[in-house]
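**Student:** After the sequence you'll find the predicted model.
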Amino acid sequence: MAASVVTVAFEGVEARRVDVEVQAASGLPNFIIVGLGDKAVGESRERVRAAFAGLGLALPAKRLIVNLAPADTPKEGSHYDLPIALCVMAAMGVVPPDALSGWMAFGELSLDGRIAPTAGALPAAMAASAHGLGLICPEASGPEAAWAGDVPILAPRSLIAIINHFRGTQVLGPPRPGPVLEGGPQPDLRDVKGQEQAKRALEIAAAGGHNLLFTGPPGSGKSMMAQRLPGLLPPLTPSELLETSMIHSVAGLIAKGALTRERPFRAPHHSASMAALVGGGLRVKPGEVSLAHNGVLFLDELPEFTPQVLDSLRQPLETGEVLVARANAHIRYPARVQLVAAQNPCRCGHGGAGRGHCGKAPRCQQTYQSRISGPLLDRIDLQVDVPPVTAADLALPPPAEGSAQAAARVAAARDQQAARAEAAGRPDQALNARLDGALLEKVASPDEGGRALLTRAAEGGMLSARGWTRTLRLARTIADLDGSDAIRRRHVAESLIYRRSAIEGFGGAAPESKGLMAPFVRA
């Protein structure tokens with residue numbers, strides 16, 4: 001006798017259909033699982049055997065063959081327990097043979113027959129919806145799976161509950177979606193005294209989704225300001241919430257089906273490995289850059305990260321996704337993040353000036369900061385020097401403006417960007433940091449004075465082709481915050497101030513060019 005049910009195999013955030021087939025054939029009693037499963041899949045037979053014993057059932061004295069099709073797709077994880085158990089029960093006649101038709105099953109078994117939750121309930125429910133099937137999942141995963149929308153869901157607590165449901169002695173009601181959490185109070189910019197230029201750069205970064213680097217001595221407020229960036233960002237849109245939640249579901253980070261509209265803020269320690277930062281491992285899991293999708297990735301003490309780990313971010317920052325290549329599969333994870341980093345000027349922290357200055361400057365600074373490659377720095381739009389906070393700054397009263405006022409300006413600027421992208425039919429370019437191609441040429445073309453200034457920066461400095469594009473994007477954001485439809489010379493000048501390579505280029509150009517930026521710095 002044979003039976004079958006549908007389940008899924010995860011490839012990144014995508015859930016691929018897998019058909020679980022069970023045949024009870026004559027021969028010596030045995031329980032065999034085939035279909036390229038990993039060790040957790042192979043151990044399913046022991047969990048199924050123990051769960052059946054907990055219900056007072058015994059496996060038939062036959063040769064049980066479990067096939068996971070397609071056989072050449074790798075199968076990983078313990079969520080195959082429930083579909084295997086259901087197929088075996090159907091083959092034994094414990095549940096009606098046609099009961100599993102139209103269902104997808106997903107869940108791990110405990111030794112006493114309870115169904116334990118596993119990661120990935122939301123992508124599994126989305127896959128069930130795409131195939132026109134209902135989903136059988138653990139009770140604890142029901143609120144998460146219910147976010148998939150109009151999908152029939154059964155969320156039993158144990159095997160006996162699903163048996164009774166299929167026999168008609170118990171009815172399992174559909175689970176309700178979990179709550180939407182708005183998040184707690186965010187740190188406020190009013191806590192930061194002084195550092196007006198750095199706060200201005202933080203607001204520009206928030207408005208356009210630009211990457212940002214703070215450089216300054218210890219205690220100058222670099223990490224403090226970075227931690228206040230989420231308070232300036234608008235909540236996730238419904239589509240962004242779904243994308244982000246799919247990744248967090250695969251990573252097992254959704255508790256009790258609760259989703260949050262607060263943008264992710266991930267701050268890994270500088271000892272993080274390449275697999276931890278960009279994803280990988282034996283079972284390819286999302287890294288920190290994917291867990292921060294649609295949010296902020298904060299790298300404190302940037303030069304302390306391994307150079308190879310930092311360089312692994314170059315492609316995700318450009319393409320917005322991570323591709324982990326394996327011999328038998330290519331796993332993709334979304335990774336559209338806003339990178340915010342902080343660093344000291346040198347290893348001692350103080351650089352070449354101020355109290356406690358480094359006696360080895362500038363060589364110490366050059367050696368320390370050379371741990372960050374030029375291509376990675378070229379992808380950082382705003383590079384801001386943060387001076388030490390003086391006693392006079394600390395004696396000042398709290399600033400009149402805080403995160404609420406800055407967030408309102410950021411929201412207005414982002415609304416302008418979204419409206420432009422929608423009018424052009426390019427909703428994927430709803431942030432200035434993502435402008436590209438024809439839309440970039442259309443909306444980020446500076447006036448004559450601005451283009452002349454940008455050309456001089458490119459000719460006399462180290463402004464690469466990527467730097468040219470990113471400077472235009474940054475100038476477009478500054479103009480949006482200024483309420484200007486056109487990009488003027490002052491907007492280009494301010495954007496060049498934040499491009500350290502461009503400033504160095506002006507410094508190395510002809511003497512008459514050295515003071516070119518001074519009026520705009522004062523403005």
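**Tutor:** It's in. Small disclaimer: the values here were computed from a predicted structure and weren't measured.
**Student:** hey, where'd the strands end up in the stretch 101-250 of the chain?
**Tutor:** Listed from the start of the chain, the stretch 101-250 of the chain has strands (DSSP state E, counting those that start in this stretch) covering 103-105, 108-109, 115-116, 134-136, 153-154, 180-181, 212-215.
**Student:** Of the ones you listed, give the one that comes closest to residue 41.
**Tutor:** Closest approach to residue 41 among those (Cβ to Cβ): strand 108-109, 11.2 Å. Bear in mind the C-beta positions are built from the backbone N, C-alpha and C, glycine included.
**Student:** where do the helices sit along the stretch 401-523 of the chain?
**Tutor:** Counting by DSSP state H, counting those that start in this stretch, the stretch 401-523 of the chain has these helices, from start to end: 403-423, 437-443, 448-460, 465-481, 489-497, 500-507, 518-522.
**Student:** Turn these into CSV, columns for distance to residue 350.
**Tutor:** Listed next are those as CSV, based on distance: least, Cβ to Cβ, whole Å:
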stretch, distance to residue 350
helix 403-423, 29
helix 437-443, 40
helix 448-460, 30
helix 465-481, 29
helix 489-497, 24
helix 500-507, 19
helix 518-522, 24
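**Student:** Please convert the strands of the stretch 101-250 of the chain to JSON lines, extending it with mean pLDDT.
**Tutor:** Shown next, in JSON lines, are these (pLDDT from 0 to 100):
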{"stretch": "strand 103-105", "mean pLDDT": "98"}
{"stretch": "strand 108-109", "mean pLDDT": "98"}
{"stretch": "strand 115-116", "mean pLDDT": "98"}
{"stretch": "strand 134-136", "mean pLDDT": "98"}
{"stretch": "strand 153-154", "mean pLDDT": "97"}
{"stretch": "strand 180-181", "mean pLDDT": "90"}
{"stretch": "strand 212-215", "mean pLDDT": "96"}
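**Student:** got JSON lines for those, with distance to residue 329 too?
**Tutor:** Below are the strands of the stretch 101-250 of the chain laid out as JSON lines (distance: least, Cβ to Cβ, whole Å):
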{"stretch": "strand 103-105", "distance to residue 329": "21"}
{"stretch": "strand 108-109", "distance to residue 329": "23"}
{"stretch": "strand 115-116", "distance to residue 329": "26"}
{"stretch": "strand 134-136", "distance to residue 329": "24"}
{"stretch": "strand 153-154", "distance to residue 329": "29"}
{"stretch": "strand 180-181", "distance to residue 329": "34"}
{"stretch": "strand 212-215", "distance to residue 329": "35"}
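**Student:** quick revisit: dump the helices of the stretch 401-523 of the chain to TSV, plus distance to residue 14 and mean pLDDT.
**Tutor:** Converted to TSV, the helices of the stretch 401-523 of the chain look like this (distance: least, Cβ to Cβ, whole Å; pLDDT from 0 to 100):
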stretch	distance to residue 14	mean pLDDT
helix 403-423	26	96
helix 437-443	27	93
helix 448-460	41	90
helix 465-481	30	95
helix 489-497	38	94
helix 500-507	39	53
helix 518-522	48	42
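**Student:** any chance you could map the helices in the stretch 151-300 of the chain?
**Tutor:** Applying DSSP H, counting those that start in this stretch to the stretch 151-300 of the chain gives helices spanning 159-167, 196-208, 222-226, 238-250, 274-278, 288-291.
**Student:** May I see the buried residues of the fifth one?
**Tutor:** When you say that, I think you mean helix 274-278. By neighbour count with 16 or more other Cβ atoms under 10 Å, helix 274-278 contains the buried residues 274, 275, 276, 277, 278.
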